[in-house]
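In: Please find the sequence and the predicted model below.
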Number of protein chains: 2
Amino acid sequence: MIQKLLLLSLLCASICYSQDPLPSWNEGKAKAAILKFAEESVKKGGENYIEPSERIAVFDQDGTLWVEQPLYTQFFFAIERVKELAPLHPEWKDQEPFSSIIHKNAAELAKFSEQDIAKILAVTHAGMTVEQFHNYVQGWLQTALHPRYKKRFTDLVYQPMLEVIKLLKGRGFKTYIVSGGGQEFMRAYAEKVYDIPPENVIGTAGKVKYEVLRGGPVLMKVPEVLYIDDKTGKPEGINLIIGRRPYAAFGNSDGDQQMLEWTQAGPKLRLELLVHHDDAIREYAYDKDSKIGHFPETLMEEAEKRGWIVVSMKTDWKILFPWQKQSDKQE
Amino acid sequence: MIQKLLLLSLLCASICYSQDPLPSWNEGKAKAAILKFAEESVKKGGENYIEPSERIAVFDQDGTLWVEQPLYTQFFFAIERVKELAPLHPEWKDQEPFSSIIHKNAAELAKFSEQDIAKILAVTHAGMTVEQFHNYVQGWLQTALHPRYKKRFTDLVYQPMLEVIKLLKGRGFKTYIVSGGGQEFMRAYAEKVYDIPPENVIGTAGKVKYEVLRGGPVLMKVPEVLYIDDKTGKPEGINLIIGRRPYAAFGNSDGDQQMLEWTQAGPKLRLELLVHHDDAIREYAYDKDSKIGHFPETLMEEAEKRGWIVVSMKTDWKILFPWQKQSDKQE
């Protein structure tokens, strides 16, 4: 019996090993670099072996783990909230950024930065507990649909990146989200959608205030931003929450440049990767002229100079979303 | 051969199970409560079973994990730094808190709050990278001695609490430090001393600034406090860094009251514990009249009312420090 079990486990190990951990990636430089990094990080005695406690990988969210066009998901969410509250705030009619939202000025909306959104969220969600805010976000995500795909926003996560998260977790990496988006917003769904627990979610953080109410203690959201987790704020946020330098960093815009720089500045083999949105058919094609997911030519030059992997969404990814897996198999 | 191995592992399991995980604790209410909590948290199907991802335990540091009298360790450290820098700052002579430090006014020093110390540290350690600061702290800890015990400060951690950390880690708990002390100060030694990694250290945080220097990118300490992790700041800091409510909380003063309240306000069996310093012979006896580790009568009443465990250092702990283990065995 024990011998049969042993045989079975040997068989299983051999099958698991032979399976491609990145089935949604086409063969190419990007896939090869990810696999090499994952393999060498656990090769004991190798020059690129990483101690288990040091295995940290960080992922930007918007445009790296899920769709960020035509607007950040969190912005669609904030718009709903501003509209809800507008009758109580007549002054918003002439006051930006609220005025653009109320008047549905789409061109203006697309110009808002993640910081603008963080401020809108901070203001519009104050006076709510953290728990109430999570429930509110979860409720909204249940029903809100993306205007192009007519799918829930949480269905618009990139299957190839989910495979990278799973691969690295399987190699003992702690995987963190490091996003300009709202920390509490992401915590409302990150564990379910990405298998990333709340303590591994780093984002722009609003202040909270501990209060003891009649029903017991609560953490109340306050209309102030504690810190902005974007650009230089990303390595700063990584230091605040993790206190270690990552070995792998994934992004898609100039908001991620400092995070990749910081990652690469450590010793040993590290992995830095930028998703390039060049797929107008299946998703969106945008880079240097887009406010959202801004990928200027200087960033492309930087990537070439430093050996950062630039992933072409068009040619490196077989499918984009988890729900395309079935149809892919049928082809 | 396999059967022998199986037998061996069964034997080992039985031996391990019969060993007391808290050998430095005398039998009593406190030890029984800790053991009950640890046991029930992993009992599948039991009403107090905790999902592995939810197993979070938080520990105050000063006075809970190590000695905090006659002054916080971090304050001894800050004093050294102020003295070093004093020649460059003639204005400090008449300016508190620097004046008291320079003039060795011990009575005044003991009155400083953790916030005062955080500010002193923020000011005196700016212009240094996070890495340089860690090296500086580590160097100081190598040579600085506690005035009474003539031991290194890191030798003055409480063996009974190290056993609690180990017990809970063994049950799958993520153990965090949640202290009013400086986050980066603690990160310099927490992994070595408590087996608590940097990402699990929450403390009062100074701001850092990401800068690219000629030698590469650095995180530079800036003379500003980002947040104070004390009193209401403890549940707020727990929310910021962990984003989950703990199941167990350990403290020793009114700086920990809100953290214990917040912990207890969740469902299921939770553990709240306060170390009471009542051992003038082996350590220090202090509570309501001490600025450091202030334990007012109202906190004692609160503990009784809410069923929080109050640990008597005098009667609950067989030994205090790891280096007393050997002599204990010889008795």
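Out: Yes, it's here.
In: If we look just around chain B, which residues of the stretch 151-300 of chain A are in range?
Out: A:174, A:183-184, A:187, A:191, A:197-199, A:201, A:205, A:207-210, A:212, A:216-217, A:219, A:226-227, A:232-233, A:235-236, A:239-244, A:258, A:261-262, A:265 (Cβ under 8 Å from any Cβ of the partner chain). C-betas here are computed from N, CA, C, even on glycine.
In: swap the cut-off to 6 Å and go again
Out: A:187, A:197-199, A:208, A:210, A:216-217, A:219, A:232, A:235-236, A:239, A:241-244, A:258, A:261-262, A:265 (Cβ under 6 Å from any Cβ of the partner chain).
In: how far is stretch A:201-211 from where the chain is centred?
Out: In this view, stretch A:201-211 has its centroid 18 Å away from the chain centroid, taken as Cα atoms, centre = their mean, to the nearest Å.
In: Check which residues of it are buried.
Out: A:201, A:202, A:203, A:204, A:205, A:206, A:207, A:208, A:210 (16 or more other Cβ atoms under 10 Å in any protein chain shown).
In: So the spatially closest residue to residue A:307 that is not a sequence neighbour, which state does it fall into?
Out: Distances taken as Cβ to Cβ, 6 or more residues apart in numbering or on different chains place residue A:272 nearest to residue A:307, at 7.8 Å, with adjacent residues excluded. Secondary structure assignment for residue A:272 (DSSP: H, G, I helix; E, B strand; the rest coil): strand.
In: thinking residue A:68 is in contact with residue A:295, fair?
Out: No - here residue A:68 does not reach residue A:295: they are 11.6 Å apart, not a contact under Cβ atoms under 6 Å.
In: The residues of the stretch 151-300 of chain A next to chain B in helices, which ones?
Out: A:187, A:235, A:236, A:239, A:241, A:258, A:261, A:262 (DSSP state H).
In: What's the end-to-end length of stretch A:286-295?
Out: Criterion Cα to Cα, to the nearest Å; first-to-last residue distance in stretch A:286-295 is 8 Å.
In: Determine how far it lies from the middle of the whole chain.
Out: Worked out by Cα atoms, centre = their mean, stretch A:286-295 lies 17 Å from the chain centre.
In: got it, and stretch A:209-223?
Out: 29 Å.
In: Can I get it in CSV? Just the C-alpha atoms.
Out: Backbone C-alpha positions of stretch A:209-223 (Å, rounded to 0.1, in the frame of the first residue of the first chain) are rendered in CSV as follows:
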residue,chain,number,x,y,z
LYS,A,209,-10.0,56.9,12.8
TYR,A,210,-10.6,54.4,15.7
GLU,A,211,-13.9,55.3,17.5
VAL,A,212,-15.9,53.5,20.1
LEU,A,213,-19.6,53.8,19.2
ARG,A,214,-22.5,52.3,21.1
GLY,A,215,-22.4,49.1,19.0
GLY,A,216,-18.6,48.7,19.7
PRO,A,217,-15.4,50.0,18.3
VAL,A,218,-15.1,50.8,14.6
LEU,A,219,-12.5,52.1,12.1
MET,A,220,-14.1,55.1,10.4
LYS,A,221,-12.9,56.4,7.1
VAL,A,222,-11.7,60.0,7.3
PRO,A,223,-11.6,62.4,4.2
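In: Please report the distance of the residue of the stretch 51-200 of chain A found nearest chain B from residue A:191.
Out: Relative to chain B, the nearest point of the stretch 51-200 of chain A is residue A:198 (3.2 Å; Cβ to the nearest Cβ). Distance, residue A:198 to residue A:191, using Cβ to Cβ, to the nearest Å: 7 Å.
In: Residue A:47 now?
Out: From residue A:47 to residue A:191 the distance is 35 Å (Cβ to Cβ).
In: For the closest residue to residue A:200 other than its chain neighbours, identify the helix or strand it belongs to.
Out: Distance criterion Cβ to Cβ, 6+ apart; nearest residue to residue A:200, sequence neighbours excluded, is residue A:176 at 4.6 Å. Using DSSP states H and E, residue A:176 falls within strand A:174-182.
In: nearest spatial neighbour of whichever residue of the stretch 201-331 of chain A sits closest to chain B, skipping sequence neighbours?
Out: Closest to chain B within the stretch 201-331 of chain A is residue A:243: 3.2 Å, counting by Cβ to the nearest Cβ. Nearest non-adjacent residue to residue A:243, counting by Cβ to Cβ, 6+ apart: residue B:198, 3.2 Å away.
In: one step back: looking at residue A:47 and residue A:191, which is more packed in?
Out: residue A:191 (17 against 8; other Cβ atoms under 10 Å in any protein chain shown).
In: Next, count neighbours for residue A:96.
Out: 12.
In: Do you know the pLDDT at it?
Out: Looking at residue A:96, its pLDDT is 80.
In: Reduced to three states, what does it come out as?
Out: Strictly by three-state DSSP, residue A:96 counts as coil.
In: quick one: it from residue A:76, how far?
Out: Residue A:96 is 18 Å from residue A:76, by Cβ to Cβ.
In: ok, now residue A:37?
Out: Relative to residue A:76, and taking Cβ to Cβ, residue A:37 is found at 34 Å.
In: in the stretch 51-200 of chain A, which spans are helices?
Out: Counting by DSSP state H, counting those that start in this stretch, the stretch 51-200 of chain A has helices at residues A:73-85, A:98-102, A:106-109, A:114-124, A:130-143, A:159-170, A:183-187, A:190-194.
In: before we move on, the earlier item: ok, now which ones touch the residue nearest to residue A:243?
Out: A:243, A:244, B:187 (Cβ atoms under 6 Å, 6 or more residues apart in numbering or on different chains).
In: out of those residues, who's nearest residue B:165?
Out: residue B:187 (16.3 Å; Cβ to Cβ).
In: Can you give me the distance of the closest residue to the closest one other than its chain neighbours to residue B:135?
Out: Spatial nearest neighbour of residue B:187, excluding adjacent residues (Cβ to Cβ, 6+ apart): residue B:198 at 4.4 Å. Plainly put, residue B:198 is 14 Å away from residue B:135 if you go by Cβ to Cβ.
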